[in-house]
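Enquirer: Predicted model and sequence below, questions to follow.
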Amino acid sequence: MSAVDQDFLASLPPLREVIAEHGLNAKKSLGQNFLFDMNLLGRIVRTAGPLEGYTVYEVGPGPGGLTRAILAAGTERLVAVEMDQRAWPILEDLNQRSGGRLEVIPGDAMKVDEAALLSGKPVRIIANLPYNVGTALLVRWLTTPAWPPFWSSLTLMFQKEVAERIVAKPGTSDYGRLAVLAQWRARPRIAFDVPRQAFTPPPKVTSAVVHIEPCVPIADVPLKSLEVVTLAAFGQRRKMLRASLKSLGMDPAPILEAAGIPGDLRAEVLDVAAFCRLAAAHAELAASRKTR
Ligand code: SAM
């Protein structure tokens, strides 16, 4: 891994000064909890793996703490999407100081056409996500139609409670739709926890950095069916599957039978492979209905 460019970091004005100068006081509505500790920020970047030969994509650079650490690791191209216009001049200054390696996209990350924006080199996504859109962005990256996806890895800060839902195993209360989507064709792990006090202002709960890499799907099933089946099953997670799957709008009995799953089980106990069997059975039944 390339060494951290300490000279570059030393040449930058202190983050707290930059924030004060631009009036970038943290806004709750934008999920703003900033990180200043360069050791911690360096650790997040190292978790992502080598950056040489990659484009890095960051959502929500804000005043640029994590952005600085990514640039100091020698990234050749960093694309960052930020919604808060107060941060744009700060980031443009950082772009100048980095020799033009930082491309800032003003606007909402939920609306960016990432695959087009980031085409070319392989992509690593590294972000301290705003908690209000963090899960939605993760689901979006996990459900890209093309697989392997446009990204090679995701290294993301979440509230610890969300991180635990991503890596949860069957039979636990954290296990749900997010775990199935994250573990069907990717390997997620919690890299480390980050205490509240590391942020300014401190959030209410502990956070954690999650690292995810894509892998071969557990089973090759239609994404749409896996999405609807998990939505129905976990939408009413306390009910038996023969009841919760009624919300699919078709008789669940043949789906459960084709998947070899007893209808008196609850969603929580099915492993990812079982959800794949349900999705395959759902897709088949839906297709046969169309041709009738
Ligand atoms: N990366 C900085 C850090 O680690 O100190 C800031 C992280 S802060 C948790 C989240 C950032 O995401 C804020 O800068 C906020 O303005 C930005 N943000 C919030 N919603 C966004 C959205 N929909 N699209 C792009 N950026 C967003």
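Expert: Sure, I can see it.

Enquirer: Nearest to the ligand within this structure, name that residue for me.
Expert: The minimum distance from the chain to the ligand, using CB to the nearest ligand atom, falls at residue 60 (2.1 Å). Yep, even glycine has a C-beta here, placed from its N, CA and C like the rest.

Enquirer: Count the residues that sit near the spatially closest residue to that residue that is not a sequence neighbour.
Expert: Closest residue to residue 60 apart from its sequence neighbours, by CB to CB, 6 or more residues apart in numbering: residue 130 at 5.2 Å. By the criterion of other CB atoms under 10 Å, residue 130 has 21 neighbours.

Enquirer: So the residue of the chain closest to the ligand sits against residue 67, correct?
Expert: No: Residue 60 lies out of contact with residue 67 (CB atoms under 8 Å); the separation is 9.8 Å.

Enquirer: Between these two, point out the one with more neighbours.
Expert: Taking other CB under 10 Å, residue 60 and residue 67 do not tie; residue 67 has more neighbours (28 against 24).

Enquirer: With adjacent residues omitted, what lies nearest to the more buried one?
Expert: Nearest in space to residue 67, with sequence neighbours left out and distances taken as CB to CB, 6+ apart, is residue 61 at 4.3 Å.

Enquirer: Please give me every residue in contact with that neighbour.
Expert: Counting by CB atoms under 8 Å, 6 or more residues apart in numbering, residue 61 touches 67, 80, 82, 87, 91, 104.

Enquirer: before we move on, what SS does it have?
Expert: coil (DSSP: H, G, I helix; E, B strand; the rest coil).

Enquirer: Against residue 218, how distant is it?
Expert: Separation of residue 61 from residue 218 (CB to CB, to the nearest Å) stands at 34 Å.

Enquirer: again with residue 165
Expert: For residue 165, the distance to residue 218 - CB to CB - is 18 Å.

Enquirer: neighbour count winner among these two?
Expert: Shown here are residue 165 and residue 218; by other CB under 10 Å, residue 165 has more neighbours (20 against 15).

Enquirer: list the helices and strands the one helix or strand that one maps to packs on?
Expert: Taking DSSP states H and E as the criterion, residue 165 maps to helix 160-167. With contacts taken as 3 or more CB pairs under 8 Å, 6 or more residues apart in numbering; DSSP states H and E, helix 160-167 sits against helix 134-142, helix 177-184, strand 186-194, strand 207-214.

Enquirer: Can you add distance to the ligand and mean pLDDT and give these back as CSV?
Expert: Shown next, in CSV, are these (distance: least, CB to the nearest ligand atom, whole Å; pLDDT from 0 to 100):
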stretch, distance to the ligand, mean pLDDT
helix 134-142, 8, 97
helix 177-184, 19, 98
strand 186-194, 10, 98
strand 207-214, 9, 98
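
Enquirer: Compare these and give me the one nearest residue 257.
Expert: Proximity to residue 257, assessed across the helices and strands packed on helix 160-167 by CB to CB, is greatest for helix 177-184 (20.8 Å).

Enquirer: what's the offset of that closest one from the middle of its chain?
Expert: Distance of helix 177-184 from its chain centroid, counting by CA atoms, centre = their mean, to the nearest Å, is 12 Å.

Enquirer: Check stretch 117-133 too.
Expert: The answer for stretch 117-133 is 8 Å, by CA atoms, centre = their mean.

Enquirer: Flag every buried residue along stretch 26-35.
Expert: 26, 30, 31, 32, 33, 34, 35 (16 or more other CB atoms under 10 Å).

Enquirer: what about that stretch, how long is it end to end?
Expert: Length of stretch 26-35, first residue to last, CA to CA, to the nearest Å: 11 Å.

Enquirer: Do a quick rundown of the strands in the stretch 1-150 of the chain.
Expert: For the stretch 1-150 of the chain, the strands defined by DSSP state E, counting those that start in this stretch cover 34-35, 55-59, 77-82, 102-106, 123-128.

Enquirer: Sheet partners, orientation included, of the second one?
Expert: Just to be clear, that refers to strand 55-59. Strand 55-59 has its sheet partners listed here by DSSP bridges as strand 77-82 (parallel), strand 123-128 (parallel).

Enquirer: From residue 124, how far off is the residue nearest to residue 194 when sequence neighbours are not counted?
Expert: Distances taken as CB to CB, 6+ apart place residue 207 nearest to residue 194, at 4.4 Å, with adjacent residues excluded. Separation of residue 207 from residue 124 (CB to CB): 20 Å.
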